[in-house]
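Student: Please find the sequence and the predicted model below.
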Amino acid sequence: MNSQIFRDDLLAGKVALVTGGGTGIGAAITRELTRLGATVVIASRKPENIEPAAAGLTEELGRPVHGRILDIRDRDSVRTLMSGIVAEFGALDIVVNNGGGQFFSPAEAISDKGWDAVVATNLTGTWNVTRAAADAWMLKNGGTILNITMLTGRAFPGMAHSVAARSGVEAMTRTLAVEWANKGIRINSIAPGFVASSGIKRYPAGLDLISQMRSFVPMKRLATCDEIAWAVAFLASPAGAYITGETMTIDGGKTLWGDWWPIPDPEDVGTIEIPTEPWEK
Ligand SMILES: NC(=O)c1ccc[n+]([C@@H]2O[C@H](COP(=O)([O-])OP(=O)(O)OC[C@H]3O[C@@H](n4cnc5c(N)ncnc54)[C@H](OP(=O)(O)O)[C@@H]3O)[C@@H](O)[C@H]2O)c1
């Protein structure tokens, strides 16, 4: 199936890396970029998240999606992957820093190890990939980088480690946008609110939590993974050519809503459907 939004050669000839591209939001981004003609490499730690995803997306889309194993915290591996992509595919035009993770915890229960792991993944891991992509290709040839963050503008109780790391990514985004503008590199962040991704099922309260989440969104629903992927495609395409250093919030109005103004649920709130990956039985 072609993109529902964009013309199907929009990113023809581009080479893209999507970290965490085998699951959830990353898989939707991979699907959209591939549909638009890009050659996409997906990379994360677990073979079970990469191998069936690469095979499943390749079969679904009729074009190869390339899987690689990578821990974004491991700088040597990150550098090796970047130079390998440039050697094999001849470029690295688009990098989507989507790989990341965290766990809900009251701040006083976050262990030193837990804090370090979340910051190492979400902040330093994003830097590792960004810097290695710049060195391997973009500083000489230009390119565009998209960082998937989270809502950082207000408090995010239960996520002190991650919101700190993601705020750092957004500040890094603004700074690199200025430092690298004359190298032809554009870098932006996309801050999703609540997204109905397969990843959200990993949180302990599961669907109960999701029901609570949507009641705090003026649109009274979660985002789809495609709604994040379309923003990535837009910003990666010539439509985003003059946009750099921005954080695009995609949250159905959540951040704008105060806490006191009641928005009644519609009579039919509908059922919550979490999509499975096509290769999942
Ligand atoms: N779903 C939401 O509501 C929401 C809202 C705001 C932001 N986000 C962010 O959006 C991104 C995607 O989330 P999702 O909902 O699609 O969840 P997800 O399926 O859990 O995606 C996280 C991906 O990151 C990869 N990853 C984790 N640690 C890594 C590491 N050290 N090196 C390389 N890859 C790593 C995981 O693969 P491996 O385990 O194989 O490494 C996985 O593919 C995450 O950064 C998430 O925090 C999600």
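Tutor: Everything's here; your move.
Student: what about the residue of the stretch 1-150 of the chain found nearest the ligand, neighbour count?
Tutor: With CB to the nearest ligand atom as the measure, residue 24 is the residue of the stretch 1-150 of the chain nearest to the ligand, at 2.3 Å. For glycine as for every other residue, the C-beta is placed from the backbone atoms N, C-alpha and C. Residues lying near residue 24 (other CB atoms under 10 Å) number 24.
Student: Could I get the phi/psi values of the closest residue to it other than its chain neighbours?
Tutor: Spatial nearest neighbour of residue 24, chain neighbours left out: residue 197 (3.4 Å); criterion: CB to CB, 6 or more residues apart in numbering. Here the main-chain torsion angles of residue 197 (degrees, to the nearest 10) amount to phi -110, psi 160.
Student: who's in contact with residue 197?
Tutor: If you count contacts by CB atoms under 8 Å, 6 or more residues apart in numbering, residue 197 has them with 23, 24, 25, 28, 225, 274.
Student: Now do the phi/psi pair for residue 78.
Tutor: Note on residue 78: backbone dihedrals following degrees, to the nearest 10 are phi -60, psi -50.
Student: That one touches residue 129, doesn't it?
Tutor: Yes. Counting by CB atoms under 8 Å, a contact exists between residue 78 and residue 129, whose distance comes to 5.7 Å.
Student: contact partners of stretch 175-184?
Tutor: Residues external to stretch 175-184 that are found in contact with it (CB under 8 Å, 6+ apart): 130, 134, 138-143, 145, 185-188, 244-246.
Student: In helices, which of those residues appear?
Tutor: Secondary structure assignment by DSSP state H places 130, 139, 140, 141 of the contacts of stretch 175-184 in helices.
Student: Leaving out sequence neighbours, find the closest residue to the third one.
Tutor: The reference is to residue 140. The spatial neighbour of residue 140 that comes closest, neighbours along the chain excluded (CB to CB, 6+ apart), is residue 183 at 8.0 Å.
Student: Residue 134 against residue 185, yeah?
Tutor: Yes. Shown here, residue 134 and residue 185 form a contact pair, counting by CB under 8 Å, at 6.8 Å.
Student: Need the residues touching each of the two.
Tutor: Counting by CB under 8 Å, 6+ apart, residue 134 and residue 185 have no common neighbour.
Student: Give me the distance from stretch 88-96 to the chain's centre.
Tutor: Using CA atoms, centre = their mean, to the nearest Å, we find the averaged C-alpha position of stretch 88-96 to lie 17 Å away from the chain's own average C-alpha position.
Student: Ok, stretch 218-235 next?
Tutor: Remark: stretch 218-235 is offset 11 Å from the chain centroid, using CA atoms, centre = their mean.
Student: Is the ligand within reach of it?
Tutor: No. Using CB under 6 Å from any ligand atom, no contact is recorded between stretch 218-235 and the ligand, whose separation bottoms out at 6.9 Å.
Student: in that stretch, what's buried?
Tutor: For stretch 218-235, burial by neighbour count (16 or more other CB atoms under 10 Å) applies to 220, 222-235.
Student: what does stretch 139-147 give?
Tutor: Of the residues in stretch 139-147, those buried under the neighbour-count criterion (16+ other CB under 10 Å) are 143, 144, 145, 146, 147.
Student: cool, stretch 238-252 as well?
Tutor: Going by neighbour count (16+ other CB under 10 Å), the buried part of stretch 238-252 is 240, 244, 245, 246, 247, 248, 249, 250, 251, 252.
Student: contacts for it?
Tutor: Residues outside stretch 238-252 that contact it (CB under 8 Å, 6+ apart) are 144, 149, 151-153, 170, 173-174, 177-178, 181, 186-194, 217-219, 221-223, 227-228, 231, 234-235, 255.
Student: Could you see whether the ligand lies near it?
Tutor: No. Residues of stretch 238-252 are not located near the ligand by CB under 6 Å from any ligand atom, the shortest gap being 8.9 Å.
Student: Make 401 the first number, not 1, from now on.
Tutor: In the new count, where the first residue is 401, that last one comes out as stretch 638-652.
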